[in-house]
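Student: Predicted model, plus sequence, below.
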Amino acid sequence: KNNYSGIACELKSTLQQRTMKWTSTVCAALAVGVVGAAVPTITLNNGVEMPMVSIGTWQYNSSVAYDAIKEAYAVGFNHIDTAHDYENEDGVGRAIAEAPGGRDGVFLTTKVPGCGFQGISILDCYSDSVKLHQDNLKLLNIEASDLLLIHFPPIDGCKVGCKAIQEQWSAMEYLLSQNLTKAIGVSNYCPSCFECLFENATVTPAVNQIGFHVGMGVDPIGIVSYCKEKGIVTQAYSPLGDGSTKLIDGPVVTPIGDAHNKTGAQVSLKWLIQSGVPLSTKARDSKYLAEDIDLFDWNLTDTEMTTLNDATSPPGIPSFLCTK
C-alpha cells in the first residue's frame, strides 16, 4: 500500500494542471487504502442492504453537491444523502448519472418534509407527500430512491399531529408499493412519534435518522433501544456534533486517535460504526473524505469504547422537534 501511494504521489508533479485535483484525491485515498474497497452494509428490515457510511449534502447547492459527490466516489463512497429542502437534487442527479458503477452502484437516500413544512400541507399531507417525491425523482433523474425518509415530525408535533403522522406514513407505504422507493423510514422521530405511527402502519419503518454522536451516551432519550426492539435501524446525522471541534481535535478523541494512527474525527465516527450505527458524514476535501471512510479495518479497544460511551460532551439531541 505504501509503495503504491508513493508512486502515485510522485506522478502528481508530472501531470498537467487539469489532472492535479484528481491525482490529489487518489493520493489521499491510497494513503488510507480505500480505493476500490467495498463499504460494509447493514441489512434493513425488508432485506435492503444499506451502505454504512453516506456522503451528506446538506447546505450544498447543486454544483457543490455534484463536486463533493464526485470527490466522494473517488475514495470509495457509494451512498448519497439528500433531501427536498436541500434544493440540490438536480446536482445530485447529475452525480448519480456519473456513478462509477452506474445507478445500481450507488445507494440514494432522500427525504420529504413533515406535514406542514416546505410544500407539504397539513390539510392534504398524503397527496402532497406523494407528489413531492415524484417531483424529486424527476429532478434526480432516477426511477426510484433506495431509501425515502420523512425528514421530521409534523408541524404540530407527535401528539397533536398524530393524524398527520399516520396520513403521511400511508403515503410512504403507497410510494413503496408503487416501487418508487426500495425502503421507507423516518428522521428525527422520538418514541412518541412511533407510538402514533404504529397505530395503523402496515409497514415498519426501516430507518430512523437522528442526531447522534459521542457525548450523547449510548441511548439518548431511549430512542436507540426503542428502535432496536422494533427492528428499526438507527442512523446518525451530525456524527461530529454541531458547532464544536471537540469530536475532531478534543482531549477525549485525540489521544485515542494517536494510539491507532487515526484522527480524532475518525475515532468519533468509528465509535458509531463499532456500535452498529450507520452514519452520514459531510466533507468536500478529498483528504477528509478519505479519512471519513477509513473506518473498517481497525477497531477501538473495549476500554476506549467505554471512555467514549461515558463521554458527556459535547451535548446533543436526537431530534429538534420532539423530546420523548
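Tutor: Right, received. Where do you want to start? Numbers count the residues shown, from 1 in each chain.
Student: And the strands in the stretch 201-324 of the chain, which stretches?
Tutor: Residue ranges of the strands in the stretch 201-324 of the chain, as given by DSSP state E, counting those that start in this stretch, are 207-211, 233-237, 279-281.
Student: Ignore what I typed, I meant the stretch 51-200 of the chain.
Tutor: 53-56, 79-81, 107-112, 147-150, 184-187.
Student: which secondary structure elements does the last one contact?
Tutor: Which is strand 184-187. strand 147-150, helix 162-177, strand 207-211 (3 or more Cβ pairs under 8 Å, 6 or more residues apart in numbering; DSSP states H and E). All C-beta atoms are positioned from the backbone trio N, CA, C, and that covers glycine.
Student: for the ones you listed, which one ends up most surrounded?
Tutor: strand 147-150 (a mean of 27; mean count of other Cβ atoms under 10 Å).
Student: What lies in contact with it?
Tutor: 44, 48, 50, 83, 107-114, 129, 133, 168-169, 172, 175-176, 180-187, 189, 206-207, 209 (Cβ atoms under 8 Å, 6 or more residues apart in numbering).
Student: and with 7 Å instead?
Tutor: Outside strand 147-150, the residues that touch it by Cβ atoms under 7 Å, 6 or more residues apart in numbering are 50, 109-112, 114, 133, 168, 172, 175, 181-187, 206-207, 209.
Student: and if you look at stretch 221-233?
Tutor: Residues contacting stretch 221-233 (Cβ under 7 Å, 6+ apart): 42, 44-45, 190-191, 194, 204-208, 210, 218-219, 234, 278, 318, 323-324.
Student: what about burial for these, which qualify?
Tutor: The neighbour-count test (16 or more other Cβ atoms under 10 Å) applied to the contacts of stretch 221-233 identifies 44-45, 190-191, 194, 204-208, 210, 219, 234, 278, 318 as buried.
Student: and the gap between residue 273 and residue 187?
Tutor: Taking Cβ to Cβ, to the nearest Å as the measure, residue 273 and residue 187 are separated by 19 Å.
Student: Who has more neighbours out of the two?
Tutor: The residue with more neighbours, out of residue 273 and residue 187, is residue 187; 23 against 20, by other Cβ atoms under 10 Å.
Student: Would you mind naming the residues that bridge with the residue nearest to the more buried one when sequence neighbours are not counted?
Tutor: Among residues not flanking residue 187 along the chain, residue 209 sits closest, at 4.0 Å (Cβ to Cβ, 6 or more residues apart in numbering). Under DSSP bridges, the beta-bridge partners of residue 209 are residue 187, residue 235.
Student: re the thing from before, using JSON lines, please lay out the strands of the stretch 201-324 of the chain together with mean pLDDT and distance to residue 55.
Tutor: Below are the strands of the stretch 201-324 of the chain laid out as JSON lines (pLDDT from 0 to 100; distance: least, Cβ to Cβ, whole Å):
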{"stretch": "strand 207-211", "mean pLDDT": "98", "distance to residue 55": "14"}
{"stretch": "strand 233-237", "mean pLDDT": "98", "distance to residue 55": "12"}
{"stretch": "strand 279-281", "mean pLDDT": "98", "distance to residue 55": "7"}
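Student: Quick one, which of these gets closest to residue 70.
Tutor: Closest of those to residue 70 is strand 279-281, at 16.2 Å (criterion: Cβ to Cβ).
Student: now that closest one, how far from the chain's geometric center?
Tutor: Strand 279-281 sits 4 Å away from the centroid of its parent chain (Cα atoms, centre = their mean, to the nearest Å).
Student: Mind giving me the packing neighbours of that strand?
Tutor: If you count contacts as 3 or more Cβ pairs under 7 Å, 6 or more residues apart in numbering; DSSP states H and E, strand 279-281 packs onto strand 53-56, strand 233-237, helix 264-274.
Student: which one of the ones you listed is the most hemmed in?
Tutor: Most buried among those, counting by mean count of other Cβ under 10 Å: strand 53-56, with a mean of 26.
Student: Parallel or antiparallel, which strands does that strand pair with?
Tutor: strand 79-81 (parallel), strand 279-281 (parallel).
Student: Give me the distance from the first one to the chain's centre.
Tutor: In other words, strand 79-81. The answer for strand 79-81 is 6 Å, by Cα atoms, centre = their mean.
Student: buried set for it?
Tutor: 79, 80, 81.
Student: so how many other residues sit close to residue 40?
Tutor: 13.
Student: Could you check how many residues crowd around the nearest residue to it once chain neighbours are set aside?
Tutor: Counting by Cβ to Cβ, 6+ apart, residue 40 lies nearest to residue 52, which is 5.1 Å off, once chain neighbours are set aside. A total of 19 residues lie near residue 52 under the criterion other Cβ under 10 Å.
Student: Same question for residue 100.
Tutor: Neighbours around residue 100, by other Cβ under 10 Å: 11.
Student: Next, count neighbours for the closest residue in space to it that isn't next to it in sequence.
Tutor: Sequence neighbours aside, residue 73 is the residue nearest to residue 100 in space, at 5.7 Å (criterion: Cβ to Cβ, 6+ apart). When neighbours are defined as other Cβ under 10 Å, residue 73 has 21 of them.
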